[in-house]
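[1] let me see the structure of the following:
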Amino acid sequence: MKSYIKRHVERRTIEFGSECKYTIKNGGLGRTLVIDAGTKVKAREMRQKIPVHWENLYTLVIYSKVADDYDDLLY
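    Residues are numbered from 1 along each chain as shown. As a prediction, this is how the structure comes out:
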């Protein structure tokens, strides 16, 4: 199990970039790749870049910080 996760961590970091935090969790839709993009703007970019299903994992992009720019809050 740990080797499976380690392989996927390495592959997604190479494919999608290292600026986000990646974790694999078991969710209601099966194994889920959770990508914490940090900000709303970065999350929007990652959602356009990452498919809904990747390597038999459902993908979910989240963010935890609100952007400082007021215009980003309107969308």
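
[2] can you map out the strands along the protein?
    Counting by DSSP state E, the chain has these strands, from start to end: 21-27, 30-36, 53-54, 57-62.

[3] what packs against the last one?
    When you say that, I think you mean strand 57-62. strand 21-27, strand 30-36, helix 40-49 (3 or more C-beta pairs under 8 Å, 6 or more residues apart in numbering; DSSP states H and E). No exception for glycine: its C-beta is placed from N, CA and C like everyone else's.

[4] quick one on the thing from earlier: dump the strands of the chain to TSV, plus mean neighbour count and mean pLDDT.
    Shown next, in TSV, are the strands of the chain (neighbours: other C-beta atoms under 10 Å; pLDDT from 0 to 100):
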stretch	mean neighbour count	mean pLDDT
strand 21-27	13	86
strand 30-36	17	90
strand 53-54	14	87
strand 57-62	17	92
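
[5] returning to what we had before: so which of the helices and strands packed on strand 57-62 is nearest L60?
    If you check each of those against L60 by C-beta to C-beta, strand 30-36 wins as the nearest, at 5.1 Å.

[6] in space, what's closest to D36 - neighbours in sequence excluded?
    Nearest non-adjacent residue to D36, counting by C-beta to C-beta, 6 or more residues apart in numbering: K21, 4.2 Å away.

[7] tell me where the model's unsure across this protein.
    Where the chain drops to pLDDT under 70, the residues are 1-15, 66-75.

[8] again, only using 90
    Along the chain, segments meeting pLDDT under 90 span 1-29, 33, 39-41, 49-51, 54-57, 64-75.

[9] my guess is P51 contacts T59, does it?
    Yes - at 6.8 Å, P51 counts as touching T59 under the criterion of C-beta atoms under 8 Å.
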